[in-house]
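**Student:** The sequence and its predicted three-dimensional model are supplied below.
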Amino acid sequence: MMENKTSLLNRLKNRARSLKQEVHALYLAARDPRTPWYAKALIWCVVAYAFSPIDLIPDFIPMLGYLDDLIIIPVGLALAVRLIPPEALAQARETAEQAEAPGRSVGWIGAGAILLLWIAILAWGVQFILSLYNFRK
């Protein structure tokens, strides 16, 4: 029984790693000049929807809340893969695979940018709340 859990965990880790690599490849393909504008637009829309706090079906609705995330995002990504020229996608996948080499730190700049964005949003929110409080006095 313990072996099944370990096997499942390893499969999930491998799947997550390959999904991360595929998303990175799509990002690289979206920056490739050979990729048509409509494929780029679709990729950016799917990514924006994935990271957006606003969903078509709110996440707090049981079972249905995550249904849009489980359908819209994979279908959008699959469609984007079909719209990207094969040679551009192959090169992007190769570059993404090389970026995943052991000992290579890829995400520190992105993590820092996201952290700075959250700090800016928090500062703006505090300033907005304080301005409302001062306005009502």
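**Tutor:** That came in fine, so what should we check first?

**Student:** per-residue pLDDT, residue 29?
**Tutor:** Predicted confidence (pLDDT) for residue 29: 91.

**Student:** Ok, residue 107 next?
**Tutor:** For residue 107, the predicted pLDDT is 62.

**Student:** again with residue 102
**Tutor:** pLDDT at residue 102 comes out at 56.

**Student:** got the domain boundaries for the protein?
**Tutor:** In the domain annotation for the chain, the residue ranges read 2-106, 107-137 (automatic domain parsing).

**Student:** winner for burial among those domains?
**Tutor:** domain 2-106 (a mean of 13; mean count of other Cβ atoms under 10 Å). From N, CA and C alone the C-beta is placed, and that goes for glycine too.

**Student:** residue contacts, residue 42?
**Tutor:** Shown in contact with residue 42 (Cβ atoms under 8 Å, 6 or more residues apart in numbering): 76, 79-80, 83.

**Student:** Is it in a helix, a strand, or coil?
**Tutor:** With DSSP: H, G, I helix; E, B strand; the rest coil as the basis, residue 42 sits in helix.

**Student:** Helices of the chain, residue ranges please.
**Tutor:** Using DSSP state H, the helices assigned to the chain run over residues 2-30, 37-51, 67-83, 86-99, 108-136.
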